[in-house]
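Student: Sharing a model that was predicted from the sequence below.
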Amino acid sequence: MIKHIAVIGSGTMGNGIAHSFAQHGYMVNLVDISQEALDRAIKTITANLDRQVAKELISESGKESTLKNITTFPDVETGTMSADLVVEAATENTDLKLKIFKQLSACCKPEAILATNTSSISITRIAAATERPAQVIGMHFMNPVPVMKLVEVIRGFSTSDETTRLVMELSEKLEKTPVEVNDYPGFVANRILMPMINEAIYALHEGVAGVTEIDTVMKLGMAHPMGPLQLADFIGLDVCLSIMEVLYQGFGNTKYFPCPLLVNMVNAGHKGIKSGNGFYTYEKGRKELVVAPSFR
């Protein structure tokens with residue numbers, strides 16, 4: 001039975017995953033090598049819980065119990081050694097993830113399941129870095145984790161039926177909808193989403209239409225809640241580029257080649273909301289969308 005969770009990485013996805021597990025009664029160890037990042041994560045979780053209280057989605061006591069369920073650790077081994085399930089939510093970098101999973105294989109208890117929140121990197125490759133590939137699986141949560149219902153559950157080549165069953169059941173206990181998929185580049189979500197975003201960037205790059213016009217067409221014509229360029233900013237243009245590179249390398253098909261405009265923007269440090277500029281500009285406290293000067 002899975003009772004004790006460790007989450008590695010306290011950024012946007014990591015703190016959201018920790019929040020969701022803790023809110024549903026699980027004891028959570030939130031692990032990050034940076035104490036500053038851990039402190040920032042707890043502040044973010046507290047602010048998100050306050051919003052849930054204000055919307056009457058949870059009670060004040062529910063907020064307090066959620067926070068009590070989370071313990072922070074600046075050391076991977078100490079933070080994961082007692083966990084029944086570890087969910088890795090570190091930076092989307094293959095070498096880093098392989099290093100983490102090799103370490104987890106050595107320090108976690110033998111029966112522990114090792115999950116990764118990767119949005120595109122091969123589960124099979126990650127599992128090969130461990131001594132327990134049957135217990136390695138993908139749990140691709142969507143951002144913002146406490147709100148979004150989908151969990152893409154990705155089976156690697158060696159992932160066992162039992163591991164998959166346990167993770168599917170666990171996802172349902174979080175009031176999520178798990179969808180089982182197999183391990184191919186981009187899985188389902190990003191294999192479909194990222195080429196659409198990349199094509200929207202090509203449309204902008206080639207002068208087909210402007211930023212606002214492209215997003216408006218997709219919002220009003222295709223019933224998307226957010227246009228593809230705004231969504232790219234939300235995800236992070238560096239993350240979009242990384243996923244497109246995984247797709248291109250994995251399939252060897254030019255339809256997945258990243259748009260040169262995307263490459264240039266990332267190289268220039270324009271990464272979307274996280275950097276304050278992308279296809280739109282972002283200032284704290286401002287809600288209206290403002291197209292970035294480069295695209296006006």
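Tutor: Looks like it arrived, so ask away. Quick caveat, the model's predicted, so the values are computed rather than measured. Residues are numbered from 1 along each chain as shown.
Student: Pull out the buried residues from stretch 51-63.
Tutor: Within stretch 51-63, the residues scored as buried using 16 or more other CB atoms under 10 Å are 52, 58, 63. Bear in mind the C-beta positions are built from the backbone N, C-alpha and C, glycine included.
Student: what residues does it touch?
Tutor: By CB atoms under 8 Å, 6 or more residues apart in numbering, the residues outside stretch 51-63 that reach it are 23, 46, 49-50, 66, 146.
Student: With stretch 257-272 instead?
Tutor: By CB under 8 Å, 6+ apart, stretch 257-272 touches 198, 201-202, 204-205, 232-238, 240-241, 244-245, 248, 275, 277-279, 282, 292.
Student: Can I get it in CSV, CA atoms only?
Tutor: Extracted as CSV, the C-alpha positions of stretch 257-272 are listed here (Å, rounded to 0.1, in the frame of the first residue of the first chain):
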residue,chain,number,x,y,z
PHE,A,257,11.9,20.3,-36.5
PRO,A,258,11.7,23.3,-34.0
CYS,A,259,10.8,26.6,-35.6
PRO,A,260,13.9,28.8,-35.9
LEU,A,261,12.0,31.6,-34.2
LEU,A,262,11.5,29.4,-31.1
VAL,A,263,15.2,28.6,-31.1
ASN,A,264,16.2,32.2,-31.3
MET,A,265,13.8,33.3,-28.6
VAL,A,266,15.1,30.7,-26.2
ASN,A,267,18.7,31.6,-27.0
ALA,A,268,17.8,35.2,-26.3
GLY,A,269,16.4,34.3,-22.9
HIS,A,270,12.8,35.0,-23.9
LYS,A,271,11.2,31.9,-22.2
GLY,A,272,7.6,33.1,-21.6
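Student: quick one: it to chain centroid distance?
Tutor: 20 Å (CA atoms, centre = their mean, to the nearest Å).
Student: Name the residues of that stretch that come out as buried.
Tutor: 258-259, 261-263, 265-266, 270-272.
Student: do the same with stretch 25-32
Tutor: Neighbour-count burial for stretch 25-32, counted by 16+ other CB under 10 Å, picks out 26-32.
Student: swap in stretch 283-296?
Tutor: 289, 292.
Student: Can you get me the start-to-end distance on that stretch?
Tutor: 17 Å (CA to CA, to the nearest Å).
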